[in-house]
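> Provided below are the primary sequence and the corresponding predicted coordinates.
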Amino acid sequence: MSNKENFHAINILLVEDNPGDIRLTKEVLKEGKIKNNLSVVMDGEEALLYLRKMDKFANVVIPDIILLDLNLPKKDGREVLAEIKSDPELMMIPVIVLTTSSAEQDVLNMYAHHANCYITKPVDFSQFINVIRSIENFWLTIVKLPTK
């Protein structure tokens, strides 16, 4: 029996506004070892509505893990992370910041707001695939995620 059949699916929320990165992340996770349900929102306001199960997101499953870009429309990832980590209902969800920014101030700020991990997205296609696979291998295989 493969890992995909053996365990419950991991629910992942990808908060990303770049269609190319969304498509690539979906493909890598679809081919991965771990069964997962990937949901995507494209701006910070939608991310918070999703996590709070409001409006069109009333019936969603709260994610086991969040992949969060920083540079988002409407409400950026910095604000989204601060709201997630200050909300007692959401604060335990691991948040992986996955962004093009390698600015030291962003790294420090995200960890100060309790990001669980900060990864700078490589611009190279194959390196980006390796990063997503590494996230899957570590966060979805090795790490024990909190249960709801």
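Yes, it's here. Just so it is clear, the structure is predicted and the values come from calculations on it, not from any experiment.

> Tell me, how many residues neighbour Asp55?
9 (other Cβ atoms under 10 Å). To be clear about C-beta, it is placed using only N, CA and C from the backbone, and glycine gets the same treatment.

> That one touches Glu45, doesn't it?
No. Contact criterion Cβ atoms under 8 Å: Asp55 and Glu45 do not qualify, at 10.3 Å.

> can you map out the helices along this structure?
3-6, 19-30, 44-51, 77-85, 104-112, 125-135 (DSSP state H).

> Next, the angle helix 19-30 makes with the last one.
With axes from the mean of the first three to the mean of the last three Cα atoms, to 10 degrees as the criterion, the two stretches helix 125-135 and helix 19-30 enclose an angle of 50 degrees.

> Using PDB, write down the CA coordinates of helix 125-135.
What follows is helix 125-135, C-alpha atoms only, in PDB (Å, rounded to 0.1, in the frame of the first residue of the first chain):
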ATOM      1  CA  PHE A 125      12.200  26.100 -12.900                       C
ATOM      2  CA  SER A 126      13.900  22.900 -11.700                       C
ATOM      3  CA  GLN A 127      15.000  24.400  -8.500                       C
ATOM      4  CA  PHE A 128      11.400  25.600  -7.800                       C
ATOM      5  CA  ILE A 129      10.300  22.000  -8.300                       C
ATOM      6  CA  ASN A 130      12.900  20.800  -5.900                       C
ATOM      7  CA  VAL A 131      11.800  23.300  -3.300                       C
ATOM      8  CA  ILE A 132       8.200  22.100  -3.500                       C
ATOM      9  CA  ARG A 133       9.300  18.500  -3.300                       C
ATOM     10  CA  SER A 134      11.500  19.400  -0.200                       C
ATOM     11  CA  ILE A 135       8.500  21.000   1.400                       C
END
